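*Asks:* heads up, no residue letters with this:
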């Protein structure tokens, strides 16, 4: 089985992780930090809004079962990509909307997907589309947070 990786930031990573885990063909989704300048950041450091990192999800998927395009469709639906450095009550660069691409092909597909999605929003999409950098796995207590704490989160998938 071939596996590929996709990395997304769409606000607080707990609900984003839960949403991606429910997609058939997603093999794993882990929460972490990427896109910044601090090596091995902690949650406390990322929340200080000084590391440059976003709370992000690294998705491992089987492209024979789910396409990168489908993952992008869910990404656009699960958050408001027109907000700059925030999602709902969460404010700061760590909550920005971003797609971290792992290849030129992913970048091309992400840009085309963004351009198609723009018609669904009344304001310009602010989502960054940038090359993936080092992904730092978040502390274990953040992994599968909603599952391990027996709570649910309503992520507004349109």
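*Replies:* Sure thing, it's come through. Keep in mind that what you see is a predicted model, and the values were worked out from it rather than measured.
*Asks:* Contacts only, for the residue lying farthest from the centre of the chain.
*Replies:* Distance from the C-alpha centroid of the chain peaks at residue 1, with 23.7 Å (C-alpha atoms, centre = their mean). By C-beta atoms under 8 Å, 6 or more residues apart in numbering, the contact list for residue 1 reads 62, 64. No exception for glycine: its C-beta is placed from N, CA and C like everyone else's.
*Asks:* Repeat that for residue 44.
*Replies:* Applying C-beta under 8 Å, 6+ apart to residue 44 gives no contacts.
*Asks:* Give the closest residue to residue 137 in space, chain neighbours not counted.
*Replies:* Excluding its sequence neighbours, the residue lying closest to residue 137 (C-beta to C-beta, 6 or more residues apart in numbering) is residue 32, at 4.6 Å.
*Asks:* so what's the one you found scoring on pLDDT?
*Replies:* Looking at residue 32, its pLDDT is 95.
*Asks:* Helix, strand, or coil at it?
*Replies:* Following DSSP: H, G, I helix; E, B strand; the rest coil, residue 32 is assigned to strand.
*Asks:* mind listing what it touches?
*Replies:* 13, 56-58, 135-138.
*Asks:* Quick check: the gap between it and residue 115.
*Replies:* Residue 32 sits 28 Å away from residue 115, going by C-beta to C-beta, to the nearest Å.
*Asks:* ditto for residue 97
*Replies:* According to C-beta to C-beta, residue 97 and residue 115 sit 15 Å apart.
*Asks:* Tell me the bridge partners for the residue nearest to residue 137.
*Replies:* For residue 32, the beta-bridge partners under DSSP bridges are residue 56, residue 137.
*Asks:* Quick check: which helices or strands does the helix or strand harbouring residue 7 pack against?
*Replies:* Residue 7 belongs to strand 4-10 when elements are defined using DSSP states H and E. The contact analysis (3 or more C-beta pairs under 8 Å, 6 or more residues apart in numbering; DSSP states H and E) places strand 4-10 against helix 13-21, strand 54-61, helix 68-78, strand 97-101.
*Asks:* Repeat the analysis, applying 7 Å as the threshold.
*Replies:* Helices and strands touching strand 4-10, by 3 or more C-beta pairs under 7 Å, 6 or more residues apart in numbering; DSSP states H and E, are strand 54-61, helix 68-78, strand 97-101.
*Asks:* Dump these to a markdown table, plus mean pLDDT.
*Replies:* As requested, the helices and strands packed on strand 4-10 are arranged in a markdown table below (pLDDT from 0 to 100):
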| stretch | mean pLDDT |
| --- | --- |
| strand 54-61 | 96 |
| helix 68-78 | 97 |
| strand 97-101 | 98 |
